[in-house]
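Undergrad: Just need the structure, nothing else, for what follows:
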Amino acid sequence: MLAKVTALNSSSPIPLIARVIFEKFKDKDSVQCFSMGSSDGSEAYTLAIALKETDEEDASKFFPIIAIDRDEEYRK
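TA: You can find the predicted model right below:
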């Protein structure tokens, strides 16, 4: 199942989003997470930290988090 969370940006309450993700996918063994628009990877890194802080033992089902930028200039 693909989790689509579009509200991730620097002003979002990332810890709240991490709790929502855990609740939505609590019955899943594995979840693919993608972070779009991530030229330097900070969004994916922040989400990873929030997921680990929410539930360190169960957070592994969300890893790896795939981070990519839409802009080809940043993907070179």
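Undergrad: Kindly check the end-to-end length of stretch 15-34 for me.
TA: With CA to CA, to the nearest Å as the measure, the ends of stretch 15-34 fall 17 Å from one another.
Undergrad: That stretch: how far from the chain's middle?
TA: 9 Å (CA atoms, centre = their mean, to the nearest Å).
Undergrad: ok, now stretch 40-50?
TA: 7 Å.
Undergrad: Could you pull out the buried residues of that stretch?
TA: Neighbour counts using 16 or more other CB atoms under 10 Å place Glu43, Ala44, Thr46, Leu47, Ala48, Ala50 of stretch 40-50 among the buried residues. Quick note: C-beta positions are derived from backbone N, CA and C, even for glycine.
Undergrad: what's it in contact with?
TA: By CB atoms under 8 Å, 6 or more residues apart in numbering, the surrounding residues in contact with stretch 40-50 are 8-9, 14-15, 17-18, 33, 35, 37-38, 62-63, 65-67.
Undergrad: Now stretch 21-37: buried residues?
TA: Using 16+ other CB under 10 Å as the test for burial, stretch 21-37 gives Ile21, Phe22, Phe25, Val31, Cys33, Ser35.
Undergrad: with those in mind, which one is nearest to Asp58?
TA: The nearest member of the buried residues of stretch 21-37 to Asp58, counting by CB to CB, is Phe22 at 7.1 Å.
Undergrad: Just confirm the closest one contacts Thr54, I think it does.
TA: Yes: in this structure, Phe22 is within contact of Thr54 by CB atoms under 8 Å, at 5.6 Å.
Undergrad: Tell me where the protein has strands.
TA: Ranges of strands within the chain are 2-3, 32-36, 65-68, based on DSSP state E.
Undergrad: At the geometric centre of the protein, which residue do we find?
TA: Closest residue to the average C-alpha location of the chain: Leu47 at 4.6 Å, with CA atoms, centre = their mean.
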